[in-house]
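# Sequence and predicted structure are below.
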Amino acid sequence: MTLENRLQLLRQQIREHDHRYYVLDAPVISDSEYDRLFQELLVLETDNPDLITQDSPTRRVGGAPAAGFSQVHHRRPMLSLGNAFSDTDMKSFIERVCRRLEGADPNALSLVCEPKIDGVAVSLVYEKGCLAYAATRGDGVRGEDITLNVRTIASVPLRLLGEGWPDWLEVRGEIFMPLEGFRQMNQRLQDRGERPFVNPRNAAAGSLRQLDPAVTARRPLDISCYSASAAEGAQGLPASHAATLEILGRWGFKISPEWEQLTGAQACLEYCARLLARRDSLRCEIDGVVCKVDSLAFQQRLGAASRSPHWAIARKFPPREEMTRVLAVDFQVGRTGVLTPVARLDPVAVGGVTISNASLHNMHAVQRLDLRSGDAVLVCRAADVIPCVVRVLRERRPPGARPVVMPSACPDCGAELEYSLDEAQVRCAGGVSCPAQHKEAIRHFCSRRALDVSGLGEKLIDQLVDSSLVQTLADLFRLTHSQLAALKLMGDKSASNLIKALTAARQTTLPRFLYGLGIRDVGEVTAANLAASFGELSALMDADEQRLQAIEDVGPVLAPRIVRFFRQTHNREVIAQLLAVGVTWEPAQSTSASPSSQPLAGQSWVLTGTLETMDRSRGKLLLQQLGARVVGSVSARTTAVVVGEQPGSKRDKAQELGIDIKDERAFLAFLKEWNLEP
C-alpha cells in the first residue's frame, strides 16, 4: 500500500469513528485503538507535510452538530488537546513549551494539573451575570444549542455569585455523570427491562441530546468547569489559570477539587502517578490528566495549532476499554436464584487489570448485543471496576460463532427454571435446596419474621456454610455447642445463646414456616392466607393452580410458582428434614371458619405513607389477623385509614369523607390492645 493510500484509509476510518463517537454515541472501537489510528496519521502527516489535506481529521476538532438542535458559533474555537501516552511524552511537551518561551527552565515552569473527566465538553455564556446560552463543542467552531437542557443541571449557576465578573463571560467545562448516579440509573433501567447505558460518558452525552428537557432533568448530571474568557479588552479575569479557577469558584462555578498548581516537570509526573493510583476511588470517570501552562500571557505567546493548543496536553491513562474475543458463555446462579450469563473472555488487560470474565446481566442484554460465542467484542471496566461487554463487533464475527442458549435446568442443582414474560430475569426454582442459594436461604429462614433465630448474622452464616457445618436448613438444628464455640468470633456464651435460640425456633407457626421457605413472592400476608386456607402443610403441598388461585393475593402468576416450588423433589426433601429435626407448629386456624368472631370482621382499612416501626406489608398482615379487609383506595365504605410519613391524597380524601384517621402512634396503641406486636 502506498503512503498516499494509507493516509487516505486512515482519514476515512477516523472520520467514520468520529461520526459514531460524537454524533451517534455508538463507537465500535476502543479509545486506545482510536488513539493509535490518530497517532499514526499525525506522525505520517508531520513527516510528510506536503500530503496534508484541509479535510484531514487532524485539521478539525470533533464531529458535526447533531440534527434537532440549533447551532451556536463559538467566539473562540473549542480545541482538542494533544495526547501524551508516557512520562517521556510529558517531559517532551514541557521541554517544547520552554523552547518556545525562549529558554524557560522546565524545572521552574509554573503549571496546573487537573483530572481529565470523561464527559461532554460544553461552553456556558453569561451576559451581565446571567446564563445566556450553552453549547456543545460540536466541530470546534459550531456547536449545538443545549441551553434548555443545561438549565436543568443543578450545579450550573443560572446567575453568578459575588461581583467583578465581566459583562460577557464564557466558561468552559465538562458535563458528566457521577459514577454512583450512573450505577443507580442503569439499575433502574435494567429493572424495567430497558437498555442500560454503556458508560458514564455515553450516558451524559445521551442525556444532553434529549429534545425534552424534562428527560435531562431526571438524569444525575454534574459539571466541572476548567476555563474562562471574556470579550476583548474586558476587565475581571486574572492573569493565571490557577487564579482563574479560584475566581470561578467564587462566582459559583463547580471546580474539580483535584486540581493543583505545580512547579516543573517532575511535580507534574508525580501528580499524574498519584491520580492514577486514586482513579478507582474518584466520584467520576477520568481518562487522564490535563496539564496546562499557568501563565495566561505565556498561553497567548505559545498559541495553538489548528486542532490543539501548544500550552496544554492530556496525559492519557491506560484505557478502560479493549477488544477481545468471547470464548464461551456460562451461567452463574446467584444468592437469590437468578441466573446470570457470564462471558468467558480471551484474557485482556484493561486499565491495568486483566479481564477474563464479564457479566452479561441477563438474556435480554445478550439479545440486545446479539452476542455469540466466538464473537470479537469491546470490553470495559464499567463504572470503574466492573468488567462489562460494551458491544459486539459483528463485522469481525467468525463463521462458527454460536448463539447463546439458556440452559434447560439450573446448572447448580438441576431444578426447573422460572421464566416470566414481563421480567428480564430467569430464576432457579430450587429455592432452599439449591447450593448456590444456601446462604441467602438460611438468612431468610432465620430472619425475624420467619423463624426469628437471634444471634445468627451474615458473617456467622458464611462461616457455617463455608466450613460445611450447615449444608441444608435442617443442619442448623443439628449444630452442637462445641462446634459453634470453635468458630471465629464465637465464644462459649455466644454459642450457648445461639443453641437456645435454635431450640426455641423449633416451635413456630405455619405462616412463619411458609414465609421462611422463601417461595418467590410469598410474603408474610400471602403465607398467612395460605396457612389459613389450607390449615395444614401437606394439603398446600399437593394443591393445584386452580385451588391456589381461589385464595386472596394468589393470582395466575404466583400460583404456578407455588406449585413449581412444592413439586421440586429437593424442596420436599428439605421440608421433610426440617420436620424430622423437630420443627413444628400448632395447627393453623382458618380465618374463614368463624369470621364473625374476629374483632375487625367486615371492616375495610387502608394503609398509606411510610411507617417507621414496620413496613406496610406487616401492618396489612396484622390487620388481616384481626379480620379486617385491607384495600388500596379510600371510599365511603372505608372504616379507618392508617397514615405514615408522606401519606399523599388518601389522607385528604379520608378527611373529606370524615373517616377515622390513625397516625402510627395511635395504630401501635390499637394493635397493643389486641396483644399484637409490629
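That came in fine, so what should we check first?

# contacts and neighbour counts: CA atoms only from here.
Will do.

# which residue is nearest the middle of this protein?
By CA atoms, centre = their mean, the chain has its centre lying nearest to Arg183, at 1.5 Å.

# Next one, pLDDT for that residue please.
At Arg183, the model reports a pLDDT of 87.

# Could you pull up phi and psi at it?
Main-chain torsions, Arg183, degrees, to the nearest 10: phi -60, psi -50.

# got the buried residues for stretch 613-629?
616, 618-629 (16 or more other CA atoms under 10 Å).

# Let me see the mean pLDDT of it.
According to the model, stretch 613-629 has a mean pLDDT of 81.

# Can you pick out the most distant pair from the buried residues of stretch 613-629?
Spatial extent of the buried residues of stretch 613-629 (CA to CA) is set by the pair Arg616 and Gly627 at 16.6 Å.

# check contacts around Val630.
Shown in contact with Val630 (CA atoms under 8 Å, 6 or more residues apart in numbering): 604-607, 620, 623-624.

# between those, which is closest to Glu545?
Looking across those and measuring by CA to CA, the closest to Glu545 is Gln624, at 23.4 Å.

# Are we agreed that the closest one is in a helix?
Yes. Per DSSP: H, G, I helix; E, B strand; the rest coil, Gln624 lies within a helix segment.

# which non-adjacent residue is nearest it?
Excluding the flanking residues, the one nearest Gln624 by CA to CA, 6 or more residues apart in numbering is Val630, at 7.1 Å.

# For the one you found, what is the enclosing helix or strand?
Using DSSP states H and E, Val630 maps to strand 629-631.

# and that strand, how far out from the chain's middle?
Distance of strand 629-631 from its chain centroid, counting by CA atoms, centre = their mean, to the nearest Å, is 36 Å.

# Also stretch 626-641?
Distance, stretch centre to chain centre, for stretch 626-641: 39 Å (CA atoms, centre = their mean).

# Kindly format the C-alpha coordinates of it as PDB.
Once non-C-alpha atoms are left out, stretch 626-641 reads as follows in PDB (Å, rounded to 0.1, in the frame of the first residue of the first chain):
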ATOM      1  CA  LEU A 626     -57.900  -9.200  63.300                       C
ATOM      2  CA  GLY A 627     -60.300 -10.000  60.400                       C
ATOM      3  CA  ALA A 628     -60.000  -6.700  58.500                       C
ATOM      4  CA  ARG A 629     -60.000  -6.400  54.800                       C
ATOM      5  CA  VAL A 630     -57.100  -4.200  53.700                       C
ATOM      6  CA  VAL A 631     -57.600  -2.300  50.500                       C
ATOM      7  CA  GLY A 632     -55.700   0.200  48.400                       C
ATOM      8  CA  SER A 633     -58.100   3.100  48.000                       C
ATOM      9  CA  VAL A 634     -60.300   5.200  50.200                       C
ATOM     10  CA  SER A 635     -64.100   5.200  49.700                       C
ATOM     11  CA  ALA A 636     -67.200   5.900  51.700                       C
ATOM     12  CA  ARG A 637     -67.100   2.200  52.900                       C
ATOM     13  CA  THR A 638     -63.600   2.600  54.400                       C
ATOM     14  CA  THR A 639     -63.600   2.100  58.200                       C
ATOM     15  CA  ALA A 640     -60.200   3.600  59.000                       C
ATOM     16  CA  VAL A 641     -57.000   4.900  57.400                       C
END
